[in-house]
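K.L.:
sharing a sequence plus its predicted fold:
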Amino acid sequence: MKMVVAYIRHESFEPIREDLLRLGFPSLSISEVKGSGRQKGITEHYRGATVTNYLRPKIKLECVVSDGDVQTIVDAVLTHARTGNVGDGKVFILPVEQSYRIRTGESGEETLQTHPDGEA
């Protein structure tokens, strides 16, 4: 199993979510985060003072899938998040050693919720 972690622009999230749902991957977690990278800060003038904010808002998307589904998830993110501009984000793939479904006690890949043909 692998965890796909993507840092993306806010406007990219909804098309990615819809595509993953259509592909049968409804289970994901998101967080609103801030970070800095190659993208420059935004300089604003507020009440006579100049303020530069180097932390840009992003969405952190996390999805645990079987090894064979990683590229499907990555392709969906790249398709909808890539604008060609600095600040599009990054995707990371992390190994997951084990998982458990608390409700039933199931473990391993049977805890992953993939739904063929977008069924929920």
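P.N.:
Great, that's in hand. Numbers count the residues shown, from 1 in each chain.
K.L.:
which residues of the chain fall in helices?
P.N.:
Per DSSP state H, the chain carries helices over the ranges 10-22, 70-81.
K.L.:
by mean pLDDT, flag the weakest helix or strand of the protein.
P.N.:
Lowest on mean pLDDT, DSSP states H and E among the helices and strands of the chain sits strand 42-46, with a mean of 83.
K.L.:
how about the residue nearest the centre of the chain, nearest residue that isn't a chain neighbour?
P.N.:
Nearest to the geometric centre of the chain sits Leu61, at 2.3 Å (Cα atoms, centre = their mean). Setting aside the residues directly before and after it, Leu61 is nearest to Ala6 in space (Cβ to Cβ, 6 or more residues apart in numbering), at 4.5 Å. In short, each C-beta sits where N, CA and C put it, glycine included.
K.L.:
and Thr50, by the same measure?
P.N.:
Closest to Thr50 by Cβ to Cβ, 6+ apart is Thr43, at 6.2 Å.
K.L.:
against Glu11, how distant is the one you found?
P.N.:
Remark: distance between Thr43 and Glu11 (Cβ to Cβ, to the nearest Å) = 22 Å.
K.L.:
for Lys34, same thing?
P.N.:
Using Cβ to Cβ, we find Lys34 at a distance of 16 Å from Glu11.
K.L.:
Thr83 now?
P.N.:
Distance from Thr83 to Glu11, counting by Cβ to Cβ: 9 Å.
K.L.:
same deal with Pro26?
P.N.:
Here Pro26 is placed at a distance of 21 Å from Glu11 (Cβ to Cβ).
K.L.:
more neighbours: these two, which one.
P.N.:
A direct count of neighbours by other Cβ atoms under 10 Å for Pro26 and Glu11 places Pro26 higher, at 16 against 11.
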